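S.K.: the sequence and its predicted three-dimensional model are supplied below.
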Amino acid sequence: MKHMSKLLFIFLLFLFVGSWISIINRTENEKTKYKFHVNQFKKLEEKGIYIDALHNVEALMNMDPKNLNLQIKYAELNRKLGNERVFIEKCEELTKSFQNKEEPFVFLASHYVQKGRYSEAIQLLKNAKNVDKKENINKLYKQLQGKFDERYEIFEEIKDWHGDVAFIKVNNQWAKVLPDGTTNQHFIYQETGGFDSKQAVFPAKVDYKWFYFDRNENRKLVSKKDFDFLGTFSDGLAPVKRSGKAGFINRNFKEYAMQYKFTGAFKNGIAAVLDEDGNWGFINKNFKYVTNMRFDDIVRDDYGFCSEYGVSFVKKDGVYFLVNLKGKRIGDLEFDDVQVFESIQYAAVKKNNKWGYVNRKGNWVIKPTFQNARSFSIGLGGVQQNELWGFVDTKGNYVIEPQFSEVKPFSRTGIAPIREGNTWHFIQLYEYVK
């Protein structure tokens, strides 16, 4: 019995040793085979024999199915063979299988960039939320931020965006611009104001009379009285002027405080007014001054808003400075010229003949180095250097190099008016193209 056990032990030992020798030999054979296919596909790819190179890569993928580099090489060879559909499908598969790796995202996004498909590249990079390290993703995304499409809707002048609506002028007539930068060519207005989403109307002058029109440009509010001016509704009131006196109305054309030379639009419960003595001040919705301080000017946008983002620029004794909604000064900085805040981001200000940017706390965020500037919106500010305009980011770095005759701020849908020569048209950032 002991002899049989000993023989069994010896047999199993030989079997175990033999198995390991077989495994070692097979492993060595696989290594040799793997190395052969690697050398083959490299040589074949260099010669441009992509179909045979692809077969070798497929063999390698069977041997090492979790190798990301092989999967990418498989996609790349299909692209070289003109199999774009297979290439894109494989890359999309890899972005799902290797969600924490940036390589498949960058590889496919770079392909989209080469094809001029910038919107798809940007969206793909945005979808890389689970990637561990995004160094190359961030670099590529930054390069794409300034890519834009040009919309050749030619016009002579444009008013600032108010919400997602603006107005352009051709042959001294105005038309409404939609959020996508298009217009229905309805150039019928002699003057216009801003669209108010709550009242769902905008003021416009047609045949020398003022009316309020709805979003579809149908007459919506019509007064029996003739007004010299109808302004933009906000906070339930609109600035107006009739018989040389400025004040406010509600939706039913009931008049309030018709005693000023000029009234601006309300926002955050505050409006700018100019009295008969030429002094500017802030009033609340009870039509009472919020401060005894009077100013030489209160800076307003194209639609009369001065406090849309919670602060205002005022002018007194020849200099501009920032105040809050109570008319109290913010900070110690003084400026030679300013522009209104177009967003909660930075406003353009001029100091010592150069333009820079301040935040709503009245602090410098980009020191004055530019020939001219426009306030920030969607993270970009228009700047002029050497007579040409471009756009910078919040750190003052160029995103769109100076190349235009003039620019205005971007809308929330990524559309900006730019002038080249004597005419204007739109550009739209690919990042915002749907």
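M.R.: That came through, no problem.
S.K.: so residue 344 versus residue 248, what's the distance?
M.R.: Remark: distance between residue 344 and residue 248 (C-beta to C-beta, to the nearest Å) = 26 Å. C-beta: built from backbone N, CA, C; applies to glycine.
S.K.: worst-scoring helix or strand of this protein, pLDDT-wise?
M.R.: Lowest on mean pLDDT, DSSP states H and E among the helices and strands of the chain sits helix 2-47, with a mean of 62.
S.K.: what is the burial count for residue 210?
M.R.: Residues within reach of residue 210, counting by other C-beta atoms under 10 Å, total 24.
S.K.: who touches it in this structure?
M.R.: Each residue near residue 210 by C-beta atoms under 8 Å, 6 or more residues apart in numbering is listed here: 191, 203-204, 223, 227, 229-230.
S.K.: same deal with residue 275?
M.R.: For residue 275, the contact set (C-beta under 8 Å, 6+ apart) comprises 259-261, 281.
S.K.: name the helix or strand for residue 320, please.
M.R.: Residue 320 is part of strand 319-323, with elements assigned from DSSP states H and E.
S.K.: next: residue 75.
M.R.: Residue-wise, residue 75 maps onto helix 68-80 under DSSP H and E.
S.K.: how far off centre is that helix?
M.R.: Taking the mean of its C-alpha atoms, helix 68-80 sits 34 Å from the chain's own mean (C-alpha atoms, centre = their mean, to the nearest Å).
S.K.: can you list the buried residues in the next helix or strand after it?
M.R.: On the C-terminal side of helix 68-80, the closest following helix or strand by DSSP H and E is helix 84-97. Residues of helix 84-97 classed as buried by neighbour count (16 or more other C-beta atoms under 10 Å): 87-88, 90-91, 94-95.
S.K.: so after the helix or strand hosting residue 203, what's the next helix or strand?
M.R.: If you go by DSSP H and E, residue 203 is part of strand 201-206. Beyond strand 201-206 on the C-terminal side, the first helix or strand identified by DSSP H and E is strand 209-214.
S.K.: let me know the angle separating that next one from strand 201-206.
M.R.: 150 degrees (axes from the mean of the first three to the mean of the last three C-alpha atoms, to 10 degrees).
S.K.: strand 209-214 pairs with which strands, and in what direction?
M.R.: With DSSP bridges as the test, strand 209-214 is paired with strand 201-206 (antiparallel), strand 219-221 (antiparallel).
S.K.: for the shortest one, buried residues please.
M.R.: Applying a neighbour-count criterion of 16+ other C-beta under 10 Å, the buried positions in strand 219-221 are 220-221.
S.K.: who's in contact with the closest residue to residue 134 other than its chain neighbours?
M.R.: Spatial nearest neighbour of residue 134, chain neighbours left out: residue 102 (5.9 Å); criterion: C-beta to C-beta, 6 or more residues apart in numbering. In this structure, residue 102 makes contact with 128, 131-137, judged by C-beta under 8 Å, 6+ apart.
S.K.: report the buried members of those.
M.R.: Counted by 16+ other C-beta under 10 Å, the contacts of residue 102 give 128, 131, 134, 136-137 as buried.
S.K.: and after the least confident helix or strand of the chain, which helix or strand comes next?
M.R.: Note on helix 2-47: by DSSP H and E, the next helix or strand toward the C-terminus is helix 50-63.
S.K.: quick one, that following helix and helix 68-80 angle?
M.R.: Using the same axes, to 10 degrees: helix 50-63 against helix 68-80 is 160 degrees.
S.K.: related to what we said a few turns ago, just the contacts of residue 210 now: which is nearest residue 83?
M.R.: Proximity of the contacts of residue 210 to residue 83 (C-beta to C-beta) peaks at residue 204, which lies at 55.4 Å.
S.K.: report the beta-bridge partners for the closest one.
M.R.: Applying DSSP bridges, one finds that residue 204 bridges with residue 192, residue 211.
S.K.: which ones are touching it?
M.R.: Contacts of residue 204 (C-beta under 8 Å, 6+ apart): 174, 189, 191-193, 210-213.
S.K.: mind redoing it with 10 Å?
M.R.: Contacts for residue 204 (C-beta atoms under 10 Å, 6 or more residues apart in numbering) come out as 167, 174-176, 188-193, 210-213, 217, 219, 230.
S.K.: and those residues, which of them are buried?
M.R.: Buried among these (16+ other C-beta under 10 Å): 167, 174-176, 189, 192-193, 210-213, 230.
S.K.: which single one of those residues is nearest to residue 112?
M.R.: residue 176 (33.9 Å).
S.K.: tell me the pLDDT at the closest one?
M.R.: Looking at residue 176, its pLDDT reads 93.
S.K.: relative to strand 201-206, how tilted is the host helix or strand of it?
M.R.: Element membership for residue 176 (DSSP H and E) is strand 173-177. Relative orientation of strand 173-177 versus strand 201-206 (the same axes, to 10 degrees): 160 degrees.
S.K.: which other helices and strands contact strand 173-177?
M.R.: strand 148-155, strand 157-158, strand 166-170, strand 191-192, strand 201-206 (3 or more C-beta pairs under 10 Å, 6 or more residues apart in numbering; DSSP states H and E).
S.K.: at 8 Å what do you get?
M.R.: If you count contacts as 3 or more C-beta pairs under 8 Å, 6 or more residues apart in numbering; DSSP states H and E, strand 173-177 packs onto strand 166-170, strand 191-192.
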